[in-house]
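Undergrad: Provide a 3D model corresponding to the input given below.
(2 chains)
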Amino acid sequence: MRKVITVGLARGIFWQIIGTLVGIGMVTGVRFLMGLGWKAEPAWVLGAFVGAIFFMGGVGAVTDWWRWVKGERTLEVHEIHDPSGIWRYFGVSYDHKVIGIQYGVTSLILLAIGGTFALIFRTELAESGLQFLSFQEFNTLVGLHGMVLIISILLGIAAIANYVTPLLIGAQDMAFPRLNAFAYWLAVPGSILLLSAIFFGGFETGWTGYPPLSVRGPLGMQMFFAGVFLNGWSSILGALNLIATILRMRTSGMNYFRMPIFVWSVLATSIIALTATQLIGLSFQMVMFERIFGMGFFDANNGGDPILFQHLFWFYSHPAVYIFVLPGLGIISELLPVFVRKPLFGYKWVAMSSLGIALVGFLVWGHHMFTSGMQSYLRVPFMYSTLLVAVPTGIKFFSWVATLWQGRIRFPTPMLFVLGGIFVFLMGGLTGPPNGTVSTDLHLHDTYWVVGHFHNTMFGGYVFPLFAAIYYWYPKITGRRMNETLGKLHFYLMTPAFFVMSFGQMRVGLLGMRRRIADYDPALGFDLTHLIVTIGGFLIALAVLIFFINLIYSAKRGSVAVDNVWESRSPEWQVPSPAQMHNYPEPFEVVGEPYDYGLAGTQYVVFHNAEVSKGSEGSKL
Amino acid sequence: MNARRVLIASANSLFGKGLEKLLVQKHGNQKVAIRLVSSMQETLQILNDWLPDLVILDYDDHTIDKTIFLNRFVSGESEMRVLLVSLQSGGAPLIYDRRMISAQEAEEWLGQSLQDFPDKPNKAGEKKDGGMRHYLIVSVLVGVFTILTYLFLTNAGLLPVQASSQAILIDELFDVHLFLISFFFSLISVFLIYSLIVFRRKTGETEEGKYFTGSSKLEVIWTVVPLGIVLYLSFIGSKSLAEVSRVDPQALEVNVTAGQWFWRFEYPDYGITSQSLTLPVNGQVLLRMTSLDVIHSFWVPEFRVKQDVLPGKNLVKELRFTPTVVGDYTVMCAELCGGAHAYMNAPVKVMEVDDFDNWVNQELAASSSDPEVRGQKFSTEKGCIGCHSLDGKPSVGPSWKGLFGKEEILTDGTKVVVDETYLRTSIYEPNLQVPKGYPANVMPSTYKDLLNEQQVEDIIAFIKTLQ
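TA: Sure thing, here's the model as predicted:
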């Protein structure tokens, strides 16, 4: 019991409950003094935010800063030595690798929850007619599936970026370790609030939260907004930290074009996250204010405009798609040369294409609004800018193909997921342009075609590369390899199941299946396809379950992999696994190109301490 | 003058023999003494005993460990030169002079120098045999697969019936997309799958892949060509949009009102209000659409076009299309509008012009004097029956069949007999007396503005008939 109390997470949640009550008390007290009675909505909303602030205090994420305020000295980062053992993962740690794991586990938990929501409503959709869900339950599950998985993706990206970036660039830790911990822990009360929406009557708007529907919905709507708002903060702070780390903390000799390519994608993603996330926070905050204070931002009868919300919302939420996929594409580019045993084709072009996608991504939000009723002349420039995204994306595909060309390709599990990611993302990319030209989008908008399209981009750009990254870096984290047989089973089950699911979705969408409907007319003849799509969904879930079993099983039982298991040139594999606190005993120097596989006698990095470089296999002269 | 001692180290006997022949031809037998070695051990031995002036090392020979060789080379004292020659990587050979370089320099040279080697001579050779063959096979496959994929996609019945002139235009653009999808799908996946099969590592192979880091020429090509395609696609996309939104000043005007969860269609030219959209074939229709509550969206898949319907008197949105095929269709709400969004459908009937005129006359005649008939009309027009079934099946709200005179249990546990007063209250203030099993705040409280007193009485009269 005592142990539980000393654990940060338990303390945090305890204080969050206290804080929520305090917030509710504040509102109710003020209203009481004004002679007003109990009103649930403002009380719970303030409770939510005060609760989150109390959580941060309770968990200990602001302790050091508070010490600074008091003028006390705290340990420098390199002086800190975390205790080993599992409990450090449940409290505040400044070690970027611990924070990376914390992000990762939280992300996988949310992945499981969000996926389960999908299974529930997919079961409902397996045949026409309303089986066991009410409209409200269905709509809530659809919205939560979307937003929970978006948060899961953001945290998953933060996990990989946090764990890997400092290792790849030879930094001891992130630029701001305390901010790093703060950003992670902020996501915890945020995610709790988001999930709590289900207990506050849910919300019926889908993840987009369009007013005026979101102005009318039950209290769950506010919890949804509050949860996303806090996660947005977490994302902004995390991005800031990554940018500072990448710009300032690279080891000697690592100029920009000698950074591992994944670092480029993290940089591009972080630039978007740092500068665009404010807009979704703003748009959600405006709806919260409209609900609580009756401000008429989006109410046409009060001089507002519901389309304004959509502009603000998509100004983040479209670039957000690139936040989700750029790191995944970076992982593909990073891992491909290792398993092809060949240099990455056109390194500079691939690096610049990430920045290109990030830049163009800011100019295309209007393509979500072709049917919205915005000024109709705006649709044409948005069509041009939207289709432009195909150019930098194409560069990536062509470069990957050229990287594979005349390689000596190996197929361990991470490589399978890299290849799966390329194929699935190709489907996502190819199904994009029909949504980009206005007149075809008039048919496609808000249909299951779009559902199929973005599940392809999300799986190809995030889910497959995420699994690739986990299988690839797992030995670095644990010193053991994940089981290959289970890994291959995972891959060969999930990939066909996914294609069956998404092709089914696209087919019914083209034929007239709308998004986000709890029931469909049996006369449309979609029953069989929907049943198949549902089966595909369950097979994906089964495959992910196998992955989870493998993940836990291999931590104790996996084959020991201390050395450079993938024969990579990358610096993190030149030291024994698992990686130690503060990463490298000696700083390394970059003396060559990162991906010169096939060029004998070259090295990417040199450790000046001979003891260290003994473990390196790939750097033999 | 003593003969120059030249040591040639390579496991490949042709390498040594060839060089020996060249050297002898050039310098003659007296000037050079040549020894060939093929193993690491021999090399080191001779290096010590024979003290050669020049060592020619086969860079591609992996049996000779260059690290050890280099250490030995650096640690010696007599004057010696090393010539590294690579047949695979090509380019100019590298000469190291023992007197000139330090150990670290040598290591760096070994590490970096070969990157500068343009590997042109060999690559060209490779292309002629291996490379060209690969490209040829893949190009043919890409062509074949493009055609097959395109044929499959265009014959798979991907889109619903074309029932408007806009649908024909939009499907033409779809066709361009399908061709581009077929081509790029085939291009990338054929290259990928071919690589995965042909360039996979065979068992026991330890070699690395072929070394090349990029090609600016290729990169520029696959940037500029897609850019051109994309601009062209945007251009024909703009033209398509312009044609799809072409205005016919003679268009039939219909005012569309959307609400949770019903559609209402008013024909201002005829003074008709209807719960279904009835249209004459081959004439453009102009919908002026507004919503009473949240955002809805008008979509008939067979017509292809879609337009969101916004609340707010100043936000009336227009949509034009020209139905071309007589038949029955369904307009569906395509923007999530809460609750019974899935059921927010209304029939669309496209008929011959004569039939349409008949329909107009019938509708005008049907303004009945019977309150029950009027009530039935209002309850469909105002969307009541979207949530209240007439056949006893429970839906979003209680069914109206057998409702009048029934005893209902309310959410607070009290019982109430459904009479005219209760029905009136439930229409005007839906959240006041909610029956058990139906959540509050589902039925909109807008009906007191939507319906006048007479209409409410007519609807109640209609409910009474449903026993």
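Undergrad: Contacts for stretch A:470-484 next, please.
TA: A:97, A:101, A:104, A:160, A:163-164, A:167, A:335, A:412-414, A:417, A:487, A:550-551, A:553-555, A:557-562, A:565-566, A:572-573, A:577-579 (CB atoms under 8 Å, 6 or more residues apart in numbering or on different chains). C-beta here means a position set from N, CA and C on the backbone, and glycine is covered the same way.
Undergrad: among the residues you listed, which ones are buried?
TA: A:97, A:101, A:104, A:160, A:163-164, A:167, A:335, A:412-414, A:417, A:487, A:550-551, A:554, A:558, A:561, A:565-566, A:572-573, A:577, A:579 (16 or more other CB atoms under 10 Å in any protein chain shown).
Undergrad: Of the contacts of stretch A:470-484, which belong to helices?
TA: A:97, A:101, A:104, A:160, A:163-164, A:167, A:335, A:413-414, A:417, A:487, A:550-551, A:553-555, A:557 (DSSP state H).
Undergrad: so which of those residues also contact chain B?
TA: With CB under 8 Å from any CB of the partner chain as the criterion, these include none near chain B.
Undergrad: and residue A:597, that's in a strand?
TA: No - counting by DSSP: H, G, I helix; E, B strand; the rest coil, residue A:597 is not found in a strand; it is coil.
Undergrad: pLDDT value on the nearest residue to it once chain neighbours are set aside, please?
TA: Counting by CB to CB, 6 or more residues apart in numbering or on different chains, residue A:597 lies nearest to residue A:341, which is 4.7 Å off, once chain neighbours are set aside. Note for residue A:341: predicted pLDDT of 93.
Undergrad: Residue A:341: neighbouring residues, count only.
TA: 22 (other CB atoms under 10 Å in any protein chain shown).
Undergrad: separation between it and residue A:350?
TA: Taking CB to CB, to the nearest Å as the criterion, residue A:341 is separated from residue A:350 by 18 Å.
Undergrad: can you check residue A:240 too?
TA: 25 Å.
Undergrad: the more surrounded of those two?
TA: residue A:350 (26 against 18).
Undergrad: Am I right that that one sits in a helix?
TA: Yes - assigned with three-state DSSP, residue A:350 falls within a helix.
Undergrad: in terms of contact, does it touch residue A:399 like I think?
TA: Yes - contact status for residue A:350 versus residue A:399: in contact at 5.1 Å, counting by CB atoms under 8 Å.
Undergrad: name the element residue 133 belongs to?
TA: Using chain A here. Assigned by DSSP states H and E, residue A:133 belongs to no helix or strand.
Undergrad: that's the other chain; I wanted chain B
TA: Here residue B:133 is assigned to helix B:132-155, by DSSP H and E.
Undergrad: ok so, going back, ok, the residue nearest to residue A:597 - contacts?
TA: A:407-410, A:597-598, B:201, B:207-209.
Undergrad: Read off the pLDDT value for residue 356.
TA: All of this refers to chain A. 94.
Undergrad: looking at chain B here, not the other one
TA: pLDDT, residue B:356: 95.
Undergrad: And residue B:420, by the same measure?
TA: 86.
Undergrad: That one against residue B:459, yeah?
TA: No - when contacts are counted by CB under 8 Å, residue B:420 is not listed as touching residue B:459 (11.0 Å).
Undergrad: higher neighbour count, the two?
TA: residue B:459 (26 against 14).
Undergrad: Checking the more buried one next. Helix, strand or coil?
TA: helix.
Undergrad: who's in contact with it?
TA: By CB under 8 Å, 6+ apart, the residues touching residue B:459 are B:375, B:378-379, B:384, B:427, B:451.
Undergrad: what's whatever residue of chain A ends up closest to chain B sitting at in phi/psi?
TA: Proximity of chain A to chain B (CB to the nearest CB) peaks at residue A:300, 2.3 Å away. In this entry, residue A:300 is assigned phi and psi values of phi -60, psi -30 (degrees, to the nearest 10).
Undergrad: List the contacts of it.
TA: Residue A:300 touches A:306, B:310-315, counting by CB under 8 Å, 6+ apart.
Undergrad: Restricted to strands, list these.
TA: Per DSSP state E, strands hold no members of these.
Undergrad: Just the buried ones among the residues you listed, please.
TA: The neighbour count (16+ other CB under 10 Å) marks A:306, B:310-312, B:315 as buried among the contacts of residue A:300.
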